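*Asks:* curious how this folds, go ahead:
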Amino acid sequence: MKILFVWTGVTSYMADCWRTLQRQSGIELKIVVEQVASGSDFNAAHVLRDLDCVLATADGFDVSSLRAFRPDVVFAVGWHSRIVRAVVSEPDWKDIPKICCFDLPWRWSLRCFAAKFVLGAFLRRYSAAYVPGRACERYAKWLGFRKVYKGLFSIDVSRFGTGAAADRKGFLYVGRFSEEKRLDLIFAAYARYREAGGSWTLDLYGSGTAIPDLPSAADGLSVHPFVQADEVPRLYAGHACLLLASAFDPWPLVALEARAAGCEVIQSDRCGNRLELDTRVVRYGDAEAMAHMMLEVERAGCAGTPGRVENWGCEAWTKRTIGICEEVR
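*Replies:* Numbers count the residues shown, from 1 in each chain. This next block holds a predicted model:
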């Protein structure tokens, strides 16, 4: 069976899943990754190693280069990418099942509401939707998809379970330094945590310019540069708890990685995977509640026990994905 993935941005988690899929007997896999700002910090050659993958730009890609491959099933990311729109709209591929992959949850906004009507003709070219979890499933159904499959995002679980397990200390943030991640709330929570007698450190790793001023009680708080995917497991192995205070985070993979590595996770109720993962959830914007929960985690300690992540490994993802292919064909 020939499978084509058309993706936007270099992502290490998808690369791990694609490698697992590519190893399956009877599968011929081809991938097109559009180079965009998201994922640009990754070493693309290393992340996408051993894959039949084309790195492309929107202006420099010709969909006719894929015609010789002629897939049995196409998985394409959403509807924004020019490359995706060209592949999904290819006249000679009308009979090929196409799966729309996206992580947008339903939100009460004009843009979310109008998409059903503005994009309706294009979305009908897809046979089904493939989304991370329940929050996105609701939006997929609103958009008109009759078939919606969950479980789009997965990771190499074994890679994150290799670190030290017991007696971890310290809080961690891994991700973009952007407005919607609300690092200011994390800083405020940490300041209150320290004022209440907390003693653990807080390390932030990422890239971006939206870093607020450090709080007055900033002892023990450190900001570090972005790290490559191979280095991330050691970060989890050296900390007890991941913090996410996001205003909008459809399905943060770092929460899954942290639970696979045995870290506790405190995240806001705006994080989509709170419905699937065993994490500690606080109301968005409540720095006081996050600080209180941080104290609870410190007092309880961290045993390094992984969360319930069996369904989110690359092998489970590969089984799901092949099953989708067989069904839509």
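
*Asks:* would you map the strands across the protein?
*Replies:* For the chain, the strands defined by DSSP state E cover 2-8, 28-34, 53-56, 73-77, 98-101, 128-131, 148-150, 171-176, 202-207, 221-224, 241-244, 264-268, 280-282.

*Asks:* possible to save those as TSV with mean pLDDT, distance to Phe160 and mean neighbour count?
*Replies:* Just so you know, the C-beta spots here come from the backbone N, C-alpha and C atoms, and that holds for glycine as well. Converted to TSV, the strands of the chain look like this (pLDDT from 0 to 100; distance: least, CB to CB, whole Å; neighbours: other CB atoms under 10 Å):
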stretch	mean pLDDT	distance to Phe160	mean neighbour count
strand 2-8	96	22	23
strand 28-34	96	23	20
strand 53-56	92	23	17
strand 73-77	97	24	23
strand 98-101	97	23	23
strand 128-131	98	23	24
strand 148-150	97	21	18
strand 171-176	95	12	22
strand 202-207	93	15	19
strand 221-224	90	19	14
strand 241-244	97	12	26
strand 264-268	97	13	26
strand 280-282	97	19	19
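
*Asks:* got these as JSON lines, with distance to Val88 columns?
*Replies:* Shown next, in JSON lines, are those (distance: least, CB to CB, whole Å):
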{"stretch": "strand 2-8", "distance to Val88": "8"}
{"stretch": "strand 28-34", "distance to Val88": "12"}
{"stretch": "strand 53-56", "distance to Val88": "15"}
{"stretch": "strand 73-77", "distance to Val88": "6"}
{"stretch": "strand 98-101", "distance to Val88": "6"}
{"stretch": "strand 128-131", "distance to Val88": "13"}
{"stretch": "strand 148-150", "distance to Val88": "17"}
{"stretch": "strand 171-176", "distance to Val88": "28"}
{"stretch": "strand 202-207", "distance to Val88": "31"}
{"stretch": "strand 221-224", "distance to Val88": "40"}
{"stretch": "strand 241-244", "distance to Val88": "33"}
{"stretch": "strand 264-268", "distance to Val88": "33"}
{"stretch": "strand 280-282", "distance to Val88": "36"}
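
*Asks:* quick one: closest of those strands to Glu310.
*Replies:* Smallest distance to Glu310 across these (CB to CB): 14.9 Å, for strand 148-150.

*Asks:* so what does the closest one touch, helix or strand wise?
*Replies:* Judged by 3 or more CB pairs under 8 Å, 6 or more residues apart in numbering; DSSP states H and E, the packing partners of strand 148-150 are strand 128-131, helix 134-142.

*Asks:* to Asp103, which of the ones you listed lies closest?
*Replies:* Closest to Asp103 of these is helix 134-142 (CB to CB; 5.7 Å).

*Asks:* still on that earlier bit, for Cys325, find the nearest of the strands of the chain.
*Replies:* strand 73-77 (4.5 Å).

*Asks:* quick one: contacts of that closest one?
*Replies:* For strand 73-77, contacts defined as CB atoms under 8 Å, 6 or more residues apart in numbering pick out 1-8, 84, 87-88, 93, 96-102, 126, 130, 321, 324-325, 328-329.

*Asks:* quick one: contacts for the closest residue to Ser89 other than its chain neighbours?
*Replies:* Using CB to CB, 6 or more residues apart in numbering and skipping the chain neighbours, the partner closest in space to Ser89 is Arg125 (6.6 Å). By CB under 8 Å, 6+ apart, Arg125 lies in contact with Val88, Ser89, Lys98.

*Asks:* how about Arg125, phi and psi?
*Replies:* In terms of degrees, to the nearest 10, the main-chain angles of Arg125 are phi -70, psi -20.
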